[in-house]
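Novice: My questions are about this predicted structure, shown below with the sequence.
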Amino acid sequence: MVASESSLRTSVMDLLVQYHASPTIQLRNHLVRVNAGLVRKVAHQVSHQCAEPYEDLEQLGYLGLIRAIERFDPRQGCAFSSFAVPYIRGEMLHFLRDRSSSVKIPRRWQKLHKEGQRATRELTEALGRQPRDQEIAASLCVSVDEYRQSKLARKNRMPLSLDATVCHQTDSQVLLGDTIPDMHYQTLQTLEEDRIVVHAALKQLEDKTREVIEFVFLKDLSRKEVAERIGVSPMTVTRRIQKGVQELLELIEPQPVVEDEPAEEVIQEEGTEAAIEQAAIEEIVEAS
């Protein structure tokens, strides 16, 4: 047995040396048939770790084997099987990576979803209608909540594109990305609006008060430095800051609207007119 394996490795190496010296399609196909056992072995291992059919993985493994044959250099002195297996496995794993969803679903839920599809077909044929979730969960011996979670996970395994169309309007279409608020942009927009309001309020302050406010809050100078720069005492700077801040608050904050109350004179006038009218009515009654 050992002698036959050794002779097989020798023959494979001879074929690889021959192919490296003079590559032909016939010789390459012969090498693929000779090393098909490597592909089947790796395909069996990978098929137990994923949900893809064994036949599809085997076909991918042959592509990796061909790549290995074309890139193998017999002069490096390594065994061909050790060189080829990473290519074979890599081709399968690349396929699984491209086919996999962005959201990773637990393997139990993947298996449960497939079993649920099979149970759905069987129950549909037996009942003559679409089975309910409770009936499917009972046939799978799981809770209804777990079965629904597996269905929801399967449904949400792929994220939506921001370019997906939400609705169509008369002359344009609304994309999903347009409906998602940009919090950073909204924050910058709010800050810009506040800056404009504060800048407009500053212009309404007295020149000396505005100058102190700008030195302290915009240019980040200390009160002592401001006092030395404008030639006043630090206490005067503090008073101007308090005065300026109070005036800014009054200018920025919206003032409550107070409804005008009827003046006392108007009420008195209305009462006088009513008394005159009453007296006139009494005079008419007496005259009649």
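Specialist: Now that the structure is in, tell me what you want to look at. Numbers count the residues shown, from 1 in each chain.
Novice: Can you report how many residues neighbour the nearest residue to Val34 once chain neighbours are set aside?
Specialist: Spatially, and ignoring its direct neighbours in sequence, Val34 is nearest to Val12 (5.8 Å; CB to CB, 6 or more residues apart in numbering). In this view, the C-beta of every residue, glycine as well, is placed from N, C-alpha and C. Applying other CB atoms under 10 Å, we find 16 other residues in the vicinity of Val12.
Novice: next one: Glu253
Specialist: Neighbours of Glu253 under the rule other CB under 10 Å: 8.
Novice: With Arg107 instead?
Specialist: 11.
Novice: Equivalent analysis for Asp220, please.
Specialist: For Asp220, using other CB under 10 Å, the count is 8.
Novice: can you check Thr209 too?
Specialist: Neighbour count for Thr209, taken as other CB under 10 Å: 19.
Novice: ditto for the one 5 residues further on
Specialist: As a burial measure, the neighbour count of Glu214 was computed by other CB under 10 Å and equals 15.
Novice: Help me confirm that it comes into contact with Leu205.
Specialist: No - between Glu214 and Leu205 there is no contact under CB atoms under 8 Å: 9.7 Å.
Novice: Leu176 contacts Cys167, correct?
Specialist: No - assessed by CB under 8 Å, Leu176 is found out of contact with Cys167, at 10.2 Å.
Novice: Neighbour count for the two, which is higher?
Specialist: Counted by other CB under 10 Å, Leu176 and Cys167 do not tie: Leu176 has more neighbours, with 13 against 8.
Novice: okay, that one: pLDDT?
Specialist: pLDDT for Leu176: 71.
Novice: And for the one 4 residues further on?
Specialist: Predicted confidence (pLDDT) for Ile180: 73.
Novice: What of Val34?
Specialist: pLDDT at Val34 comes out at 91.
Novice: do the same with Leu202
Specialist: Looking at Leu202, the pLDDT reads 84.
Novice: Confirm for me that it is in contact with Arg210.
Specialist: Yes - under the criterion of CB under 8 Å, Leu202 makes contact with Arg210 at 5.4 Å.
Novice: can you pull the contacts of Ile71?
Specialist: Heads up, residue 71 is Arg, not Ile. Shown in contact with Arg71 (CB atoms under 8 Å, 6 or more residues apart in numbering): Tyr87.
Novice: Okay, now the unreliable bits of the stretch 51-200 of the chain?
Specialist: 98-103, 157-160, 169-170 (pLDDT under 70).
Novice: What count of nearby residues applies to Val39?
Specialist: By other CB under 10 Å, the residues close to Val39 number 24.
Novice: same thing with the one 10 residues further on?
Specialist: Residue neighbour count, defined by other CB under 10 Å, stands at 11 for Gln49.
Novice: and it, what helix or strand is that in?
Specialist: For Gln49, there is no helix or strand it lies in under DSSP states H and E.
Novice: The one 10 residues further on now?
Specialist: Element membership of Gln59, judged by DSSP H and E, is helix 54-71.
Novice: ok, then the element right after that helix?
Specialist: Criterion used, DSSP H and E; the element after helix 54-71 is helix 80-99.
Novice: Can you identify each of the strands in the protein by residue range?
Specialist: Under the criterion DSSP state E, strands of the chain are mapped to 165-168, 173-175.
Novice: Tell me which of these lies nearest to Leu188.
Specialist: Distance to Leu188, taken as CB to CB, is lowest for strand 173-175 among those, at 21.9 Å.
Novice: Thank you kindly, that will do.
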